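**Q** Take this sequence and fold it.
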Amino acid sequence: MSSMTGQQVTAREAGAPGGFAAVRERAVRSAGRAWPAMAAYLLVRLVGTLVFGLLSSGHGYAARGVFVFVDSGWYEKIAERGYDTKISPALSPFAFDPLYPGLMALGHAITGGLLSVTAVGLAITWVAAVACSWALFEIGRLVRDARTGLIFAVLWALMPSAVIEGALYADTLAICLTAWALYALLRRSWITAGILACLAGATRPTADAVVLTVCVAAVVEIVRARRAGQPFTWRPLIGAVIAPIGAIGFLAYVAYRMGSIGGYMKAQKKWGTGFGNAGQVFHRIKLGIEGTAHGYANGQAHVTTAVLLIVPLLIIVMLVQRQRWELTFYTIVVAAIVYTAIHDYTVVPREMLAAFPILLAPAGWLSKIKRQWIVWALIAVLAVAAGWYAHFITVDGGPGFP
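**A** Down below sits the predicted model:
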């Protein structure tokens, strides 16, 4: 893909005459390229969801429905009642970022109550999932080629706990915003990247990784331009200033509500989440190998352990292949957040959905196989396996469900 010149970026982001029409034209062309990836993603997800629904049979994660899981109740309550500390006496609603439940409440209000907050939330999730597959296709196409982009999008639908991508959770929206922010960053659309990172940072804690990536990339760009003797441009700096506003704004709000500057960390601590968990990672891996990790039984614990072991290897592959440093840096930060803050073995595969750039290397390998029917046969098997894996996740709703 040819890169855009500074003049083109300036004209587009400044809203020059014809700017909106140009953006719309590019979006239409992009959607025209990406529709096979979006369709393939949807098909794979529907297969996995069907298998999950059939095997779950109304228990475990599917106790309230195929798409309404344990934490879904918190998003519903926050959308209906705001950050009411009386939702649960033992746990805190401030552990849940505001954008997703806010959009649920907004959609419910706009429809005059015709759609419940649950229906609005699920609609947001599935639209975000398809939009995310679109972004993944474009990232793969940008760094390699269209076939890689298509497989890249489909592989994300096959990750362990991909069932979450269609659930009443904020993860899919956060990852969608993150993927588009990274795509904008790779194209050096600084202000767009900053705005999307800002929104992502107000959606899920793991999205702080893209906020940091945008800020670091902006500093690198400013230093590079100065060393090259190029004129100073405000756009990287503006993007870096905008990016953390969502996350910092929510931290400030929680600090105000709880009367403590460390209020957010206190809220997370009630859920057992915090960076003090770093020392338990190797112990969890040991338990996973033995098949005795909490929340899983034997084979399922091995899958989670495999995720913990494979992610670092794929990051090394990213480094060896000299992939775009922004993608590698982002993935390392996500992995660091997950490895140091996880409190429950069952959430590892879910949190690693945000580490989607690790799939670029496998997508590239698969795209080079001449007999593509082999690739798609493998994808079909993995689609069924993803649903099989998801139904074994044993969460009973316990104390975390309001």
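**Q** and the residue most central in space within the chain, which of the three is it?
**A** The centroid of the chain falls nearest to residue 175 when counting by C-alpha atoms, centre = their mean (2.3 Å). Here residue 175 is helix, with the state taken from DSSP: H, G, I helix; E, B strand; the rest coil.
**Q** Please verify my assumption that it contacts residue 355.
**A** No. Applying C-beta atoms under 8 Å as the test, residue 175 and residue 355 come out as separate, 9.6 Å apart. Just so you know, the C-beta spots here come from the backbone N, C-alpha and C atoms, and that holds for glycine as well.
**Q** Output the below-cut-off pLDDT ranges for the chain.
**A** Confidence mapping of the chain against pLDDT under 70 gives the ranges 1-18, 57-66, 272, 274-280, 288, 290-301, 343-346, 390-402.
**Q** Please state the backbone phi and psi of the residue in it sticking out farthest from the centre?
**A** Computed with C-alpha atoms, centre = their mean, the residue of the chain farthest from its C-alpha average is residue 229, at 37.2 Å. Main-chain dihedrals, residue 229, degrees, to the nearest 10: phi 70, psi 20.
**Q** Return the distance of it relative to residue 317.
**A** 36 Å (C-beta to C-beta, to the nearest Å).
**Q** OK, contacts around the residue nearest to the centre of the chain?
**A** 128, 132, 204, 207, 353-354, 356 (C-beta atoms under 8 Å, 6 or more residues apart in numbering).
**Q** and if we set it to 10 Å?
**A** Going by C-beta atoms under 10 Å, 6 or more residues apart in numbering, residue 175 touches 128-129, 132, 135-136, 156, 164-165, 200, 203-204, 206-207, 210, 353-356.
**Q** count of neighbours near residue 113?
**A** 9 (other C-beta atoms under 10 Å).
**Q** give me phi/psi at it?
**A** Torsion angles, degrees, to the nearest 10, at residue 113: phi 80, psi 0.
**Q** cool, residue 91 as well?
**A** Given degrees, to the nearest 10, the pair of backbone angles that residue 91 has is phi -120, psi 170.
**Q** surely it meets residue 273?
**A** No. Between residue 91 and residue 273 no contact is recorded; they are 11.2 Å apart, counting by C-beta atoms under 10 Å.
**Q** between these two, what contacts are shared?
**A** Common neighbours of residue 91 and residue 273 (C-beta under 10 Å, 6+ apart) are residue 267.
**Q** how close does the residue nearest to the centre of the chain get to residue 125?
**A** 11 Å.
**Q** Between these two, which contacts overlap?
**A** Joint contacts of residue 175 and residue 125 (C-beta under 10 Å, 6+ apart) are 164-165.
**Q** Quick check: which element contains residue 133?
**A** Element membership for residue 133 (DSSP states H and E) is helix 117-143.
**Q** tell me which strands and helices that helix is in contact with?
**A** helix 19-56, helix 72-81, helix 99-110, helix 146-156, helix 171-186, helix 360-367 (3 or more C-beta pairs under 10 Å, 6 or more residues apart in numbering; DSSP states H and E).
**Q** now the third one, how far from the chain's geometric center?
**A** When you say that, I think you mean helix 99-110. 19 Å (C-alpha atoms, centre = their mean, to the nearest Å).
**Q** And for the second one?
**A** Helix 72-81 sits 20 Å away from the centroid of its parent chain (C-alpha atoms, centre = their mean).
**Q** do the same with the shortest one
**A** Helix 360-367 has its C-alpha centroid displaced from the chain centroid by 20 Å (C-alpha atoms, centre = their mean).
**Q** and the next element down the chain from that helix?
**A** Helix 360-367 is succeeded, C-terminally, by helix 372-391 (DSSP H and E).
**Q** Run the angle between that next one and helix 19-56 for me.
**A** For helix 372-391 against helix 19-56, the angle by axes from the mean of the first three to the mean of the last three C-alpha atoms, to 10 degrees is 60 degrees.
**Q** Residue 250 contacts residue 201, doesn't it?
**A** Yes. The pair residue 250 and residue 201 passes the contact test of C-beta under 10 Å, sitting 7.9 Å apart.
**Q** what's the overlap in contacts for these two?
**A** 97, 99.
**Q** Between those two, which has more neighbouring residues?
**A** Neighbours per residue (other C-beta under 10 Å) separate residue 250 from residue 201, with residue 201 holding more: 32 against 20.
**Q** Now that one: closest residue in space that isn't a chain neighbour?
**A** Leaving aside its sequence neighbours, residue 201 sits nearest to residue 247 (C-beta to C-beta, 6 or more residues apart in numbering; 3.5 Å).
**Q** Repeat that for residue 139.
**A** Going by C-beta to C-beta, 6+ apart, residue 139 has residue 183 as its nearest residue, at 5.3 Å.
**Q** No more questions from me, cheers.
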